[in-house]
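K.L.:
Sequence and predicted structure below; questions after.
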Amino acid sequence: MCIQSGELVIISRLKRYIRIRVFKSLRLYITVLLMLVGIIPCLVLKGLVLKSYETRAVEVRTAEIQNQCTILCSQLSNSNYQDNGISDIIQSELTQLANVYHGRIMVIDNDFCIMSDTDDKDVGRKMVAESVVKCFRGDKAFCYDRDNRFIEVTAPIRVSEDSEITGVVLVSVSTDTIAATKALLAKKANIAELAIILIVVIAAIFLGTIMVRPFARITRSIGDLQDGYDADYLHVYTYKETTLISDAFNQMLGRLKKLDDSRQEFVSNVSHELKTPLTSMKVLSDSLLSQEEVPVELYREFMGDLSEEIERENKIINDLLSLVKMDKTAATMNIRSENINELIEKILKRLQPLASEANVEVVYESFRPVTAEVDEVKLSLAISNLVENAIKYNWENGWVHVSLNADHKYVYIEVADSGIGIPETETEHIFERFYRVDKSHSREIGGSGLGLSIARNAVVMHRGAIKVFSQPGEGTTFSVRIPINYAG
Amino acid sequence: MKKSGWMITLLMFGCLLTVGCHKEESYDMQIYYLNSEETALNTEGYNLNSDKAEDQVEEVLKKMQNPKDSVECVPAIPTDLMITDIRLEDGRLDLYFSEEYEILDAASEALLQAAVVRTVTQLDGVERVQFHVADEVLKDHHGNEVGYLRSEDFVQK
């Protein structure tokens, strides 16, 4: 036997605590979910807006620059700058433009020589930047370098659309202002975002607590249920889900109550049924004892009555036992292939004396030989109960008609009688234990009130079905359907 | 057991990262080529073999027409353009090109000049380069001599 080490126990208990109390908590899920739903769209929105501002601002700035470029290019091409150099007017325009946009403008001739540079750094040098090369090849383009914060625009200088490119204007402007505005917007957005996050977190925690309260109520209510099965006990109707739980729980309570009631009734019925023959026996024996000089015939008669009562008691106890046994051995079915014809014939033969005594004619009709996989004991019990009832609840000179039929899947056994019948309202209840339609005649008719219950149990255990059809005053027919092959 | 599994995974990951890193080898010099679209300059590392300045110039110019990675690097000197003569004196290099030089468009010419000058001025014996075409000194569009070009004369931003 190994003893768990102390630390391991603590750790495993802690883990379990966390797992159950913390990680599986609906409240936690709701809170976290609300927080995510509140915060993530916020962040996404901020990102999108800032990005789209930046894109738009860059677009606008680029368009402006390109416009200016086009004007410059046409001015330059008209001024014949290749031969005369760049005029002062244009030069000052370049400088002015460069100042306005905080940028740098270069004019490059077709030797790739820098003719003019507003930064006054590289005049005379050769410019071999990729954008310039591309522009000379006809690929005028612009690019935005976010990391270094500038926009670069190239424009070709040419007399008309199709003529040769005589030079290129290269403009690069700083996007510091755009970056600064973006930073400012971002700052404001961040503040707003923090505020929203704070509110969302508080709201999420609050809502999380509130929303799971009904469940706590349910738990408490169920815990408080001590005794009795009040069928309208739980009413937490806050949500549809809790309403459903409450209803289901109440239904369960109702069923338990019914079960409890029927159990109590069963116990009281059993006691009553068991006591009745005993009472008769006591009365008989007491009266016998109290008499003096009793003739032997009287003794014999009284003994006969006593014997009957004992027999009755025995039967009741046997029925009870078989019912209880059937409940217990529900799993253990002794399935064998049986000839159903012979089974029924045996039953009818055994019950013949009872039938003749009651003056009831029993007819057996078998349409075809049938062999099926059944538990002989249980099925016999069921059928004999049905036939007994048919005989008992019958008139003088009545009849009982037993028929056996089968198709490739099922065996159909019908027990029909010309007896007193069962009212339609009662047909649901007749299979309940100790149920008697007419309680006043139960002693005369005899039996324990458990026959149909036993029969139904047996049929159900074979995965079969039992149905009843009855006309009060005319007769009753019980139909039993058993699968030929026991389906386990 | 699980912990050691994590450690091993982390170690392997670290190894992968270092393997993926491109080791910066140090070369003697960088040779300039054009990129695959022929719109900008690309470089490749190269180790010199010769010692004498003139031999080095020849070697380097030859290498310029034979890049290692011929997909990313296109020779700045087209294959049909021949260098007919090389004269080196006092750090001044005179390169004589064949007539095919005239066919080059302005962009290709500018890129060629930039590539050659930048490459060759890395050598100890060369400070500036003058171009000659068909035995005549190179002139610009206005008819002025281009003169000796140095590496600083080329701007790439």
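P.N.:
Yes, it's here.
K.L.:
Give me the distance from stretch A:393-402 to the chain's centre.
P.N.:
Here the centre of stretch A:393-402 is set off from its chain's centre by 53 Å, with Cα atoms, centre = their mean, to the nearest Å.
K.L.:
Name the residues of it that come out as buried.
P.N.:
When burial is assessed from 16 or more other Cβ atoms under 10 Å in any protein chain shown, stretch A:393-402 yields the following buried residues: A:393, A:394, A:398, A:399, A:400, A:401, A:402. Where you see a C-beta, it was placed from the backbone N, CA and C, and this is true even at glycine.
K.L.:
Just to check, the second one is in contact with residue A:416?
P.N.:
Spelled out, that is residue A:394. No. No contact is recorded between residue A:394 and residue A:416 when judged using Cβ atoms under 8 Å, the distance being 11.0 Å.
K.L.:
Give me the common contacts of those two.
P.N.:
Taking Cβ atoms under 8 Å, 6 or more residues apart in numbering or on different chains as the contact rule, the neighbours common to residue A:394 and residue A:416 are residue A:400.
K.L.:
about what we covered before: out of the buried residues of stretch A:393-402, the closest to chain B would be?
P.N.:
Ranking those by separation from chain B, with Cβ to the nearest Cβ as the measure, puts residue A:402 on top at 71.4 Å.
K.L.:
how about the strands of chain B, start to end?
P.N.:
With strands called from DSSP state E, chain B shows them at B:29-34, B:41-46, B:83-89, B:92-97, B:128-133, B:136-137, B:154-155.
K.L.:
so can I have a markdown table of those showing distance to residue A:167 and mean pLDDT?
P.N.:
Supplementary listing: these in a markdown table, determined by distance: least, Cβ to Cβ, whole Å; pLDDT from 0 to 100:
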| stretch | distance to residue A:167 | mean pLDDT |
| --- | --- | --- |
| strand B:29-34 | 22 | 88 |
| strand B:41-46 | 21 | 86 |
| strand B:83-89 | 29 | 87 |
| strand B:92-97 | 25 | 89 |
| strand B:128-133 | 21 | 89 |
| strand B:136-137 | 24 | 86 |
| strand B:154-155 | 15 | 86 |
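K.L.:
For the closest residue to residue B:154 other than its chain neighbours, give me its contacts.
P.N.:
In this structure, residue B:154 finds its nearest non-sequential neighbour in residue B:114, 4.4 Å apart by Cβ to Cβ, 6 or more residues apart in numbering or on different chains. Shown here is residue B:114, whose contacts under the criterion Cβ under 8 Å, 6+ apart are A:126, A:128, B:32, B:41, B:76, B:154, B:156.
K.L.:
Reformat those as JSON lines; add distance to residue A:18 and neighbour count.
P.N.:
Shown next, in JSON lines, are the contacts of residue B:114 (distance: Cβ to Cβ, whole Å; neighbours: other Cβ atoms under 10 Å in any protein chain shown):
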{"residue": "A:126", "distance to residue A:18": "71", "neighbour count": "23"}
{"residue": "A:128", "distance to residue A:18": "66", "neighbour count": "24"}
{"residue": "B:32", "distance to residue A:18": "64", "neighbour count": "24"}
{"residue": "B:41", "distance to residue A:18": "62", "neighbour count": "22"}
{"residue": "B:76", "distance to residue A:18": "68", "neighbour count": "25"}
{"residue": "B:154", "distance to residue A:18": "67", "neighbour count": "22"}
{"residue": "B:156", "distance to residue A:18": "61", "neighbour count": "13"}
